[in-house]
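J.: here is my input; please provide its structure:
(chains A and B)
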Amino acid sequence: MNRVRLFRICVWGVVIVLAGFLLVSTQLSEQQAPAEASTGTARVGGPFSLTSHEGERLDNRSLAGRPYLVFFGFTHCPEICPTTLFELTDLMSELGADADKFEVLFITVDSERDTQELLASYMTSFDSRITALRGSSEETETALKAFSAYAKKVPLEGGQYTMDHTTGVYLIKGDGSFGGILDMHEPRETRLQKLRRLVSS
Amino acid sequence: MSCFNKVAIALGLASITILSSSAASAHDFSAGDIRIGHPWSRIAPAAAPVMGAYLTLTNAGPEADTLVGGSTPLAERIEIHQMSIEGGVARMRSLPDGIEIAPGASVDLAPGGAHLMFIKPARPFAEGDRIEATLEFARAGSVRVEFVVQRNAAKEPDRADDHGGHTP
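T.: Below you'll find the model as predicted:
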């Protein structure tokens, strides 16, 4: 009798633990992988409005009808940000005129240090078709939300700080819907295919 | 998804390590039991306020040693960092205690992991430039090294993929 009761308690325990795990993992995957969560237009590609490294205002409406790529980063980033921008430059040179058919946006998550002047110099190292964008902290926050992206200021020693940030390059189709993520660890050919598909979307 | 990412990152890192260790212009420095293999820095964009720098540390001695810092006349300072990517988010943290190299062990400071960071380089560096620096070890003391400036190393693994050259 006691055994049956114990068995029931165990079974319910397992059920509760599994349910909890399922709930937590579902929430985690929603937070971390917008690629899986968004099949429509709701989560990625919402409204934003920022200023380019050339001083022009740019928002999601001015991009209507054109596919575009969005990457979040900052210039005090020794590795991922310059590498991603050099890689995008390489892919765009490979695509040639096809790369005229989409916009590439590099949105700084560190507008405090990334002035328009610094961004203007920084961008001379990359394909001139790439636009750097910055905004007030509210505008930056809105842009991050628009792509379900993440960025956080983290203090370092000696009063300095760094930024944690989402590394993927978001692909937005001509109709404004989410077209997936370009991962710089994928083979170059896969990335080129994704961009060619985006252009013909 | 995240599991796939981890595998992809691990493969990417493995190929970067293999390629950079076989770089044609490999150069080494040593002090006592510590060998510093191929210090290099990635070419940085114009006006970039920071540059990442990488090397391999090998300890042939019977006692642990620690890379505690370094300096160069060509940058404001050198910091030691650890970076990681989890769930698609990049994080970078200071390693204020430095990097320990156990007896007989080898530690790679390589893209995607631990690295040195030159803060405020004095001028832009071109491919092939050499950046003189002094590294400080707890036991081995000060060691003069030269970081060779290389083009974007992360491009190389992809080229290898293009040729179907997957490395185990």
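J.: ranges for the strands of chain A?
T.: A:49-52, A:57-59, A:68-73, A:103-108, A:130-134, A:151-155, A:161-166, A:169-172, A:178-182 (DSSP state E).
J.: can you list the strands that the third one pairs with?
T.: Taking DSSP bridges as the criterion, strand A:68-73 sits next to strand A:103-108 (parallel), strand A:169-172 (antiparallel) in its sheet.
J.: so how far is the shortest one from its chain's centroid?
T.: Spelled out, that is strand A:169-172. 7 Å (Cα atoms, centre = their mean, to the nearest Å).
J.: please apply the same query to the longest one.
T.: Here the centre of mass of C-alpha atoms in strand A:103-108, compared against the chain's by Cα atoms, centre = their mean, lies 10 Å away.
J.: tell me the angle of it relative to strand A:161-166?
T.: 140 degrees (axes from the mean of the first three to the mean of the last three Cα atoms, to 10 degrees).
J.: in JSON lines, list the strands paired with strand A:68-73 along with mean neighbour count and mean pLDDT.
T.: To be clear about C-beta, it is placed using only N, CA and C from the backbone, and glycine gets the same treatment. Shown next, in JSON lines, are those (neighbours: other Cβ atoms under 10 Å in any protein chain shown; pLDDT from 0 to 100):
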{"stretch": "strand A:103-108", "mean neighbour count": "25", "mean pLDDT": "98"}
{"stretch": "strand A:169-172", "mean neighbour count": "25", "mean pLDDT": "97"}
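J.: okay, these in JSON lines with distance to B:Glu63 next?
T.: Shown next, in JSON lines, are these (distance: least, Cβ to Cβ, whole Å):
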{"stretch": "strand A:103-108", "distance to B:Glu63": "45"}
{"stretch": "strand A:169-172", "distance to B:Glu63": "46"}
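J.: make TSV from the strands of chain A and add distance to B:Ala105 to it.
T.: Shown next, in TSV, are those (distance: least, Cβ to Cβ, whole Å):
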stretch	distance to B:Ala105
strand A:49-52	47
strand A:57-59	50
strand A:68-73	33
strand A:103-108	39
strand A:130-134	41
strand A:151-155	29
strand A:161-166	28
strand A:169-172	36
strand A:178-182	36
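J.: for B:Gly37, which of those strands is the nearest?
T.: strand A:161-166 (27.0 Å; Cβ to Cβ).
J.: walk me through which strands the closest one pairs with, and which way each runs.
T.: Strand A:161-166 is paired, per DSSP bridges, with strand A:151-155 (antiparallel), strand B:89-94 (antiparallel).
J.: ok, and the helix or strand in chain A with the lowest average confidence?
T.: helix A:34-37 (a mean of 42; mean pLDDT, DSSP states H and E).
J.: quick revisit: any idea which of the strands of chain A gets closest to B:Val50?
T.: Between the strands of chain A, strand A:161-166 lies closest to B:Val50; by Cβ to Cβ that is 9.6 Å.
J.: CA atoms only for that closest one - export them in PDB, please.
T.: C-alpha atoms of strand A:161-166 as PDB (Å, rounded to 0.1, in the frame of the first residue of the first chain):
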ATOM      1  CA  TYR A 161      33.100  49.200 -19.400                       C
ATOM      2  CA  THR A 162      32.300  46.700 -22.200                       C
ATOM      3  CA  MET A 163      29.000  45.700 -23.800                       C
ATOM      4  CA  ASP A 164      27.500  42.300 -23.900                       C
ATOM      5  CA  HIS A 165      25.600  42.000 -27.200                       C
ATOM      6  CA  THR A 166      23.800  39.700 -29.600                       C
END
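J.: any idea of the angle that strand forms with strand A:178-182?
T.: Relative orientation of strand A:161-166 and strand A:178-182, computed by the same axes, to 10 degrees: 120 degrees.
J.: buried stuff in strand A:161-166?
T.: Of all the residues in strand A:161-166, those buried under the rule 16 or more other Cβ atoms under 10 Å in any protein chain shown are A:Thr162, A:Met163, A:Asp164, A:His165, A:Thr166.
J.: show me where pLDDT drops low in the chain?
T.: Just going to use chain A. Residues of chain A meeting the criterion pLDDT under 70: A:1-2, A:4, A:10-11, A:13-42.
J.: actually it's chain B I care about, not the one you picked
T.: In chain B (pLDDT under 70), the answer is B:1-26, B:152-168.
J.: for B:Pro49, see how far away A:Thr167 is.
T.: 19 Å (Cβ to Cβ, to the nearest Å).
J.: which one's more surrounded, those two?
T.: Taking neighbours as other Cβ atoms under 10 Å in any protein chain shown, A:Thr167 and B:Pro49 compare with A:Thr167 leading, 23 against 19.
J.: can you give me the helices in the chain?
T.: No chain was given, so I picked chain A. Using DSSP state H, the helices of chain A run over residues A:2-32, A:34-37, A:80-95, A:116-122, A:137-146, A:188-199.
J.: I was after chain B.
T.: Under DSSP H, chain B gives helices at B:2-21, B:155-162.
J.: doesn't A:Thr83 make contact with B:Ala48?
T.: No: between B:Ala48 and A:Thr83 there is no contact under Cβ atoms under 8 Å: 11.9 Å.
J.: show me what contacts B:Ser41?
T.: B:Met51, B:Gly52, B:Ala53, B:Tyr54, B:Phe118, B:Phe125, B:Ile131, B:Phe147, B:Val148, B:Val149, B:Gln150 (Cβ atoms under 8 Å, 6 or more residues apart in numbering or on different chains).
J.: out of those, which comes closest to A:Glu94?
T.: Closest to A:Glu94, out of all of the contacts of B:Ser41 and judged by Cβ to Cβ, is B:Gln150, at 21.2 Å.
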